[in-house]
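quick one: sequence and predicted model below, then my questions.
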Amino acid sequence: MPFAQIFSRAQLGINAPEVRVEAHVTSGLPAFTLVGLPETAVRESRDRVRAAILSSGFEFPPCRLTINLAPADLPKESARFDLAIALAILAATEQLTGVDQHQLAAYEFVGELSLDGKIRAVRGTLSAARACREAGRSLVLPKDSSNEAALIRDISGYAVHHLSEVIGFLLGRNMPSVLEHQPPATPDPAQAGDLADVRGQPRAKRALAIAAAGGHNMLLIGPPGSGKSMLAQRLPGILPPMTEEEALAAAEIAAISHQGFNPDNFGVRPFRAPHHSASAVALIGGGSQPGPGEISLAHHGTLFLDELPEFDRRVLEALREPMEVGAVTISRAARQAHFPARFQLIAAMNPSPQGTEIHSRAAQRYRARISGPLLDRIDIHLEIPRVPAAELDQPVDQSQSSAQVRAQVIAARERMQQRQGCPNAQLDAAFINRELVLGQPERQMLNQALEKLNLSGRARERIIKLAQTICDLDGREQIDCQAIGEAIGYRNLDRLFTPPA
């Protein structure tokens, strides 16, 4: 009995697992059965495929037709299987004369069909192209998605715009556009603004450079107009350039989101700044069909939370685990999706409504909106004072430009890579206890600070990691009292809100 098999790709989180589209034709009353756990958009492909085949000048078989999307236990969504289903039907009904199963097995097909046979773009073609390259096949995809897939190095594939063009290609009648790797242009790291534009705030600029070098989370505390948002927006401009692997990972997440991915932004570190009314699903990810949230869209980039205490506390508490492990898993009854979320958190808040009494009840209520465990995961707490008017009239200090600070950050990051292969913020407790051994004076200074500020063991580890980053940025080999003292000085919120003795 006539049978055909076509390879395609599903979209599950950022992964693109292989799907085999199997077509089986037999005699009987005309029927079109689609199995393999398809959701609504996939089931509706029956009508799109029928119209597209007829519009392309081919015959739709008046018989019993069964389409199986294997593996059967993998949920299938979106209209990305339309092209593969149409070709499987044509192959099973022997309308692709001279094309055998071995030839079809060399390709993978992804695309949505319109009623007139045109092939529309689908989301997630970047992940599909990457997986297709690893499988050793050529990818046939919509022309509107070719710029996205062309970012993959050593990609083999073809960009098409109509079903008849694909059929003509398989029959050897024409050659569609060959998909070629197109290296993206080098982006401007400081496209959001230069650090030199921020007047004054030398201590804040120093802390921002430390945060960039070690990948540390940061909380800025200051009155409106003091420059907190400007500083946060300049962080991507002083971070090291993205590696190709980091750029692809960030692009794959953006490609499966509702906003899509712009190839012109390839290699640009994400900067996400959700409003404080954002829900847990918007921030962490989720939905009936799990999608990435803001923390995943900020993967290998910056997540800026302005007015931090105004966020719902339950939303902020949901950040704790992703901040530690760099990923989030969304579980639903029928499926589970895993999204990377290795982001750098920059948060901002106004001074508490405390008046002159630093330990007033209003201050404690304001502080209580941010839990201690969340604060422990933020390495730098820094007060940002209002800039005096006289400093606003001073000329721009080019010695503090984004390019110069970025060079220092890159040098520090290279020291970290040579020593442990990751930024200091990602070091675990075992490495800290084994490699970052403090001398007696440094240990004594740190223990006194822990007792006075009532800090946790997690805060102790983060102070040590921060001190190591300070040494890496300054070119010093060993953690000294100067680095410990500066690192402790960046725990302002602990100091401000520690109850008096």
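Arrived safely, thanks for sending. Numbers count the residues shown, from 1 in each chain.

quick one: the helices in the stretch 101-250 of the chain?
101-104, 125-135, 146-149, 163-170, 202-214, 228-238, 244-256 (DSSP state H, counting those that start in this stretch).

quick one: residues in contact with the first one.
Spelled out, that is helix 101-104. A4, Q5, I6, F7, L87, A91, L170 (CB atoms under 8 Å, 6 or more residues apart in numbering). (C-beta placed from N, C-alpha, C; glycine too.)

which ones among those map onto helices?
If you go by DSSP state H, the contacts of helix 101-104 have L87, A91, L170 in helices.

out of those, who's the most crowded?
L87 (28 neighbours; other CB atoms under 10 Å).

which ones are touching that one?
A4, I6, L96, L104, F109, V166, I167, L170.

farthest-separated two in these?
Greatest spatial distance among these (CB to CB): A4 and V166, at 14.4 Å.

pick out whichever of the two has more residues nearby.
Using other CB under 10 Å, the more surrounded residue of A4 and V166 is V166, with 25 against 22.

give me the element the spatially most central residue of the chain is part of.
Closest residue to the average C-alpha location of the chain: H299 at 3.1 Å, with CA atoms, centre = their mean. Taking DSSP states H and E as the definition, one finds H299 inside no helix or strand.

quick check: phi and psi on it?
The phi/psi pair for H299 (degrees, to the nearest 10) reads phi -60, psi 130.

now it: how far from P322?
With distances taken as CB to CB, to the nearest Å, H299 is found 10 Å from P322.

rebuild the ones in helices among the contacts of helix 101-104 as TSV, extending it with distance to K465 and pLDDT.
Shown next, in TSV, are the ones in helices among the contacts of helix 101-104 (distance: CB to CB, whole Å; pLDDT from 0 to 100):
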residue	distance to K465	pLDDT
L87	54	97
A91	58	95
L170	57	95
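
can you tell me which of those is closest to N433?
L87 (58.6 Å).

for S138, see how far away that closest one is.
For L87, the distance to S138 - CB to CB - is 14 Å.

next one: L305
In terms of CB to CB, L305 sits 44 Å off from S138.

the more surrounded of the two?
Just comparing L305 and S138: by other CB under 10 Å the higher neighbour count belongs to L305, 26 against 16.

wait, A425 touches M218, no?
No - with contacts counted by CB atoms under 8 Å, A425 stays clear of M218, the gap being 10.5 Å.

between these two, what contacts are shared?
Q344, D379.

the two: which is more packed in?
M218 (26 against 20).

list the residues that contact the residue lying closest to R130 once chain neighbours are set aside.
Excluding the flanking residues, the one nearest R130 by CB to CB, 6 or more residues apart in numbering is I152, at 5.5 Å. Neighbouring residues of I152 by CB under 8 Å, 6+ apart: L126, A129, R130, R133, H181, L248.

with T66 instead?
By CB under 8 Å, 6+ apart, the neighbours of T66 are A23, H24, T26, T33, V35.

who does it bridge with?
H24, T33 (DSSP bridges).

can you check the pLDDT for the residue nearest to S177 when sequence neighbours are not counted?
Distance criterion CB to CB, 6+ apart; nearest residue to S177, sequence neighbours excluded, is A159 at 4.4 Å. If you check A159, the pLDDT there is 96.

A159 touches E180, doesn't it?
No - assessed by CB under 8 Å, A159 is found out of contact with E180, at 9.7 Å.

who has more neighbours, these two?
Taking other CB under 10 Å, A159 and E180 do not tie; A159 has more neighbours (22 against 11).

identify the farthest-apart pair in the contacts of T66.
T26 and V35 (14.6 Å).

for the stretch 251-400 of the chain, which spans come out with low pLDDT?
333-334, 352-364, 396-399 (pLDDT under 70).

apply 50 and report the result again.
The stretch 251-400 of the chain contains residues with pLDDT under 50 at 355-358.

which residues of it fall in strands?
Assigned strands in the stretch 251-400 of the chain, in chain order: 271-272, 285-286, 291-292, 302-305, 327-331, 336-340, 344-349, 380-383 (criterion: DSSP state E, counting those that start in this stretch).

quick one, which of the ones you listed is packed in tightest?
Mean neighbour count, computed with mean count of other CB atoms under 10 Å, is highest for strand 302-305 among the strands of the stretch 251-400 of the chain, reaching a mean of 26.

name every strand pairing with it and say which way it goes.
Strand 302-305 has these strand partners (DSSP bridges): strand 271-272 (parallel), strand 344-349 (parallel).

what's the nearest residue to L239 if we skip its chain neighbours?
With CB to CB, 6+ apart, the residue lying closest to L239 is A212, at 5.2 Å.

before we move on, what about P388?
Nearest one to P388, counting by CB to CB, 6+ apart, is G200 at 7.3 Å.

count of neighbours near that neighbour?
G200: 19 neighbours (other CB under 10 Å).

so it makes contact with D393?
No - applying CB under 8 Å, one finds G200 not in contact with D393, separated by 10.7 Å.

show me the contacts for the residue lying closest to L303 once chain neighbours are set aside.
The shortest distance from L303 to any non-neighbouring residue, by CB to CB, 6+ apart, is to F343 (4.5 Å). Contacts for F343 (CB under 8 Å, 6+ apart) come out as R272, I295, A298, H299, H300, G301, T302, L303, P322.

now do E307
So E307 contacts H276, A348, M349, N350 (CB under 8 Å, 6+ apart).

for it, give its distance to P290.
For E307, the distance to P290 - CB to CB - is 28 Å.

ditto for R130
Distance from R130 to P290, by CB to CB: 20 Å.

over to R123?
R123 is 14 Å from P290, by CB to CB.

kindly report the same for V325.
With CB to CB as the criterion, V325 and P290 are 17 Å apart.

more neighbours, these two?
The residue with more neighbours, out of V325 and P290, is P290; 21 against 12, by other CB under 10 Å.

correct me, but the more buried one touches T329?
No - look at P290 against T329 with CB under 8 Å: they stay out of range, at 9.2 Å.

which neighbours do those two share?
By CB under 8 Å, 6+ apart, the residues touching both P290 and T329 are Q336, A337.

next secondary structure after the strand or helix carrying M416?
Here M416 sits within helix 402-419, counting by DSSP H and E. Along the chain past helix 402-419, the next helix or strand (assigned with DSSP H and E) turns out to be helix 429-435.

and that next one, what does it pack against?
helix 457-474 (3 or more CB pairs under 8 Å, 6 or more residues apart in numbering; DSSP states H and E).

quick one: the helix it packs on to helix 202-214, angle?
100 degrees (axes from the mean of the first three to the mean of the last three CA atoms, to 10 degrees).

helix 457-474: which residues count as buried?
459-473 (16 or more other CB atoms under 10 Å).

got it, and stretch 425-432?
Buried, per 16+ other CB under 10 Å, within stretch 425-432: A425, Q426, L427, I432.

next: stretch 47-65.
Here stretch 47-65 shows R48, V49, R50, A51, A52, I53, S55, S56, F58, F60, P61, L65 as buried, counting by 16+ other CB under 10 Å.

all set now, cheers.
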